[in-house]
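A.B. asks: sequence first, then the predicted structure, then my questions.
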Amino acid sequence: MYQALYFLEYGSPIWRSRKECLIQDQASYCTLRSTSLAFHFFAWLYFDRHGRSWLIDTGCTDSIARAFGKRVNITIPILIEINFGLRAAEIDNVILTHLHYDHAGNIKPFESAHFYVQEDEWSHINSPPLGKHKGDEFYIETTLRDLKKLIGEKRITLLNGSAKLADDISVIPLPGHSPGLQGVRVNLPHGPAVLASDSAHLLNNLETGSPFPKSFDINKGVESINILRLLESEGNTIIPGHGLPLRLPIGAHLVRSGSLVKT
């Protein structure tokens with residue numbers, strides 16, 4: 001189980017048009033309307049060389065998913081307990097790549113974990129003008145309330161940029177889709193992998209250099225994709241936030257359960 005990464009798919013993929021996923025396809029939508037892309041919903045669980053557990057993102061609850069026109073039949077805490085025999089309260093650490101509902105919408109069950117968030121992301125969810133930027137609709141009051149509780153309990157570290165959290169795990173700022181989005185770099189048996197989260201929702205974003213249309217800052221999104229491309233050229237496997245790599249690296253495993261569908 002050491003140095004192992006698990007893709008926790010808490011719902012079946014939905015299908016989105018290229019226009020919904022790639023900014024460069026906005027103008028050429030008329031020629032691409034029949035093309036659709038599989039859009040998965042993941043959190044990730046990593047066990048480092050010392051056996052410590054690191055959950056990357058928490059997914060969301062069914063009630064929150066329904067508020068966004070979707071449905072979740074299994075949550076991340078239940079998926080972890082079924083597959084690993086671990087209760088949510090036994091998870092050691094949680095890294096939130098960013099604070100959108102589908103990545104940080106189920107914080108409460110992880111009542112013993114220490115959390116890591118970029119300070120830019122925390123500042124944005126607290127900012128009075130929240131709602132005027134593209135993508136701001138993905139932030140929810142539940143996440144803000146749970147984060148404030150973590151701060152009161154001193155169970156959260158607000159990061160300022162890149163940071164090494166342990167021997168096998170570090171974070172990399174990849175803003176654009178949100179102001180404080182961070183990727184997570186983990187060591188696997190045959191090389192490192194970078195969980196890009198929503199700096200590259202799909203491999204298509206990485207391949208085309210085109211960010212997701214609903215982004216806080218498109219230019220920063222392009223810069224983050226270029227960082228990912230450089231990391232890939234240096235031997236890192238890039239894991240998109242809502243998709244799968246062409247092949248899973250050694251030490252990575254897909255855990256499928258539940259369903260999430262458009263309603």
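C.D. replies: All right, it came through fine.
A.B. asks: got a pLDDT number for Ser257?
C.D. replies: We have a pLDDT of 73 for Ser257.
A.B. asks: likewise for Gly69?
C.D. replies: 89.
A.B. asks: list the buried residues for stretch 248-258?
C.D. replies: 248-249, 251-252, 255, 258 (16 or more other C-beta atoms under 10 Å). All C-beta spots, glycine's among them, are computed from the backbone N, C-alpha and C.
A.B. asks: correction: stretch 36-46
C.D. replies: Burial within stretch 36-46, assessed by neighbour count using 16+ other C-beta under 10 Å, is assigned to 37, 39-46.
A.B. asks: again, but for stretch 163-173
C.D. replies: Of all the residues in stretch 163-173, those buried under the rule 16+ other C-beta under 10 Å are 165-166, 168-173.
A.B. asks: now do the end-to-end distance for that stretch.
C.D. replies: 9 Å (C-alpha to C-alpha, to the nearest Å).
A.B. asks: before we move on, what's the pLDDT of Trp122?
C.D. replies: Reading off the per-residue confidence, Trp122 sits at a pLDDT of 98.
A.B. asks: re earlier: kindly reformat the buried residues of stretch 163-173 as CSV containing secondary structure and pLDDT.
C.D. replies: As requested, the buried residues of stretch 163-173 are exported to CSV (DSSP: H, G, I helix; E, B strand; the rest coil; pLDDT from 0 to 100):
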residue, secondary structure, pLDDT
Leu165, strand, 98
Ala166, strand, 97
Asp168, coil, 96
Ile169, strand, 98
Ser170, strand, 98
Val171, strand, 98
Ile172, strand, 98
Pro173, strand, 98
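A.B. asks: farthest-separated two in the residues you listed?
C.D. replies: Checked with C-beta to C-beta, these reach their widest spread between Asp168 and Pro173, with 19.3 Å between them.
A.B. asks: helices or strands up against the host helix or strand of Val255?
C.D. replies: Using DSSP states H and E, the element containing Val255 is strand 252-256. Helices and strands touching strand 252-256, as assessed by 3 or more C-beta pairs under 8 Å, 6 or more residues apart in numbering; DSSP states H and E, comprise strand 4-17.
A.B. asks: kindly recompute the last result at 10 Å.
C.D. replies: The elements that strand 252-256 packs onto, with contact taken as 3 or more C-beta pairs under 10 Å, 6 or more residues apart in numbering; DSSP states H and E, are strand 4-17, strand 36-47, helix 76-84.
A.B. asks: just want the angle from it to strand 36-47.
C.D. replies: Using axes from the mean of the first three to the mean of the last three C-alpha atoms, to 10 degrees, the direction of strand 252-256 lies 120 degrees away from that of strand 36-47.
A.B. asks: strand 252-256 to helix 76-84, inter-axis angle?
C.D. replies: Using the same axes, to 10 degrees: strand 252-256 against helix 76-84 is 110 degrees.
A.B. asks: give the contact list for the residue positioned nearest the centre of the chain.
C.D. replies: Within the chain, one residue has its C-alpha closest to the average C-alpha position: by C-alpha atoms, centre = their mean, that is Ser197, at 3.9 Å. If a contact means C-beta atoms under 10 Å, 6 or more residues apart in numbering, then Ser197 has 42, 44, 56-57, 95-98, 100, 103, 174, 177-178, 181-184, 239-242 as its contacts.
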